[in-house]
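Colleague: The following comprises the amino acid sequence and a computationally predicted model.
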Amino acid sequence: MKRMLSGIKPTGRLTLGNYIGAIREFVKYQDEYEMFIFIANQHALTIPIKAAELRRNTKDLIAIYLAAGLDPKKVTLFLQSDVPAHAQLGWIMTCLSGYGELQRMTQFKDKMAKQETGITAGLFTYPSLMAADILLYDPEYVPVCQDQQQHVELTRDLAERFNKRYSDTFTIPEPLVTKVGAKIYDLQNPTKKMSKSESSPKGVIDLLDDPKSARNKIKGAVTDSLGHVAFDPENQPGVSNLLTILSALSGESIDSIVARYEGKGYGDLKEETGQAVHDFLTALQAKYKEILAEGKVDAILKEGAERASRIANKKISKVYRKVGLSL
């Protein structure tokens, strides 16, 4: 069974876009791949965040993953900070990274272009730590959305650079880009990705939102003046976004939904999509509350960190020998 790895930062609340674009896919992948999923809590420190908020976000994120269907017997689920080899290899990858390479990374470049204040050295170098996160486990695949492919390309470059300089050590990972439902857009600005940090309050659906409130957000979603239901992301981005959401939550193909809506208006589509979101959140949140009440999150993370550490420690020991850090 080939190995796959992914991580997510606990810097904000998870959205419906996170579920459709990533978590839902992980649930499918866990039966097809040897899955490693970590909470990138060290990456969360690249921006100011209170300790209590980071802890709460982390626990919520784990509980939501489990509620969504991730099985800790199939998936190695752990905290980045519980495996010190991440930071150890991160420094080595930083030393292999070129200044120009890191300058070109999208998140840093965008913030510099906007002349934002408070940009840290951690934000500049975090792609090197991200490469270490991946390379420790020799995954064949890393599932990413389109705007994250750049990180995997840097990881591949660093792995090849290390292998050439010190001999074959790391597997060169392949980015696995989800095609359908990979990106869910802001309900009020359907040309912009639904983001846990950047969307407007009415444009984003939090997975822990009140289901009735979420349904109302769908009803208030921006559409267009064309008046017919079609999947046309360029000319009808709002309607296409609703179709993508409904298809993802119902399992019905977009083509089938469009065919059903011939002669119907946007109100009907919003009503059905809103109810699908309401029902999904109601079921998910019931499982989420049950998982937190059982108090099993800490034990699952402990077991996951132990499994991850067995692999990561072997890799960092090999790397230390090759670069000369161990005598």
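Modeller: Perfect, thanks for sending it.

Colleague: Please count neighbours and contacts with C-alpha atoms only from this point.
Modeller: Noted.

Colleague: who's Val177 bridged to?
Modeller: Val144 (DSSP bridges).

Colleague: my read: Ala40 touches Pro10, true?
Modeller: Yes. Counting by C-alpha atoms under 8 Å, Ala40 touches Pro10, with 6.9 Å between them.

Colleague: okay, the two: which has more neighbours?
Modeller: Pro10 (24 against 21; other C-alpha atoms under 10 Å).

Colleague: who's in contact with Leu281?
Modeller: By C-alpha atoms under 8 Å, 6 or more residues apart in numbering, the contact list for Leu281 reads Leu207, Leu208, Asp209, Pro211.

Colleague: and it, what pLDDT?
Modeller: Listed pLDDT for Leu281 reads 98.

Colleague: how about it, secondary structure?
Modeller: Following DSSP: H, G, I helix; E, B strand; the rest coil, Leu281 is assigned to helix.

Colleague: Tell me how far it lies from Arg104.
Modeller: For Leu281, the distance to Arg104 equals 38 Å [C-alpha to C-alpha, to the nearest Å].

Colleague: Please apply the same query to Ala121.
Modeller: For Ala121, the distance to Arg104 - C-alpha to C-alpha - is 14 Å.

Colleague: Neighbour count: those two, which is higher?
Modeller: In this view Ala121 and Arg104 are compared by other C-alpha under 10 Å, and Arg104 has more residues nearby, 13 against 10.

Colleague: how about the more buried one, phi and psi?
Modeller: Main-chain torsions, Arg104, degrees, to the nearest 10: phi -80, psi -10.

Colleague: in stretch 290-300, what counts as buried?
Modeller: Within stretch 290-300, the residues that count as buried by 16 or more other C-alpha atoms under 10 Å are Ile291, Leu292, Val297, Ile300.

Colleague: And for that stretch, what's in contact with it?
Modeller: Against stretch 290-300 from outside (C-alpha under 8 Å, 6+ apart): Lys59, Ile62, Ala63, Leu66, Ala67, Pro72, Leu77, Phe78.

Colleague: Taking those, tell me the two that lie furthest apart.
Modeller: Greatest spacing in those, by C-alpha to C-alpha: Ala67 and Phe78 (15.9 Å).

Colleague: neighbour-wise, which of these two wins?
Modeller: A direct count of neighbours by other C-alpha under 10 Å for Ala67 and Phe78 places Phe78 higher, at 27 against 20.

Colleague: okay but the more buried one is in contact with Phe38, surely?
Modeller: Yes. Between Phe78 and Phe38 there is a contact under C-alpha under 8 Å: 4.8 Å.

Colleague: start to end distance for stretch 254-265?
Modeller: 16 Å.

Colleague: tell me the SS of Phe78?
Modeller: Relying on three-state DSSP, one would call Phe78 strand.

Colleague: Distance check, it against Ala299.
Modeller: 10 Å.

Colleague: which sections of the protein are below the confidence cut-off?
Modeller: The chain contains residues with pLDDT under 70 at 146-147, 178-182, 196-199.

Colleague: Need the CA coordinates for stretch 186-204. PDB is fine.
Modeller: Provided in PDB are the C-alpha atoms of stretch 186-204 (Å, rounded to 0.1, in the frame of the first residue of the first chain):
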ATOM      1  CA  ASP A 186     -16.900  32.500  -0.600                       C
ATOM      2  CA  LEU A 187     -20.700  32.700  -0.800                       C
ATOM      3  CA  GLN A 188     -20.600  36.500  -1.000                       C
ATOM      4  CA  ASN A 189     -17.600  36.700  -3.400                       C
ATOM      5  CA  PRO A 190     -17.700  33.500  -5.500                       C
ATOM      6  CA  THR A 191     -14.500  34.300  -7.300                       C
ATOM      7  CA  LYS A 192     -12.500  34.100  -4.000                       C
ATOM      8  CA  LYS A 193     -11.800  30.900  -2.100                       C
ATOM      9  CA  MET A 194     -13.800  30.200   1.100                       C
ATOM     10  CA  SER A 195     -11.100  30.800   3.700                       C
ATOM     11  CA  LYS A 196     -11.100  30.300   7.500                       C
ATOM     12  CA  SER A 197      -9.100  33.500   7.800                       C
ATOM     13  CA  GLU A 198     -10.100  35.800   4.900                       C
ATOM     14  CA  SER A 199     -13.700  35.300   4.000                       C
ATOM     15  CA  SER A 200     -16.500  37.600   5.100                       C
ATOM     16  CA  PRO A 201     -18.700  36.300   7.900                       C
ATOM     17  CA  LYS A 202     -21.700  35.800   5.600                       C
ATOM     18  CA  GLY A 203     -19.500  34.200   2.900                       C
ATOM     19  CA  VAL A 204     -18.000  31.400   5.000                       C
END
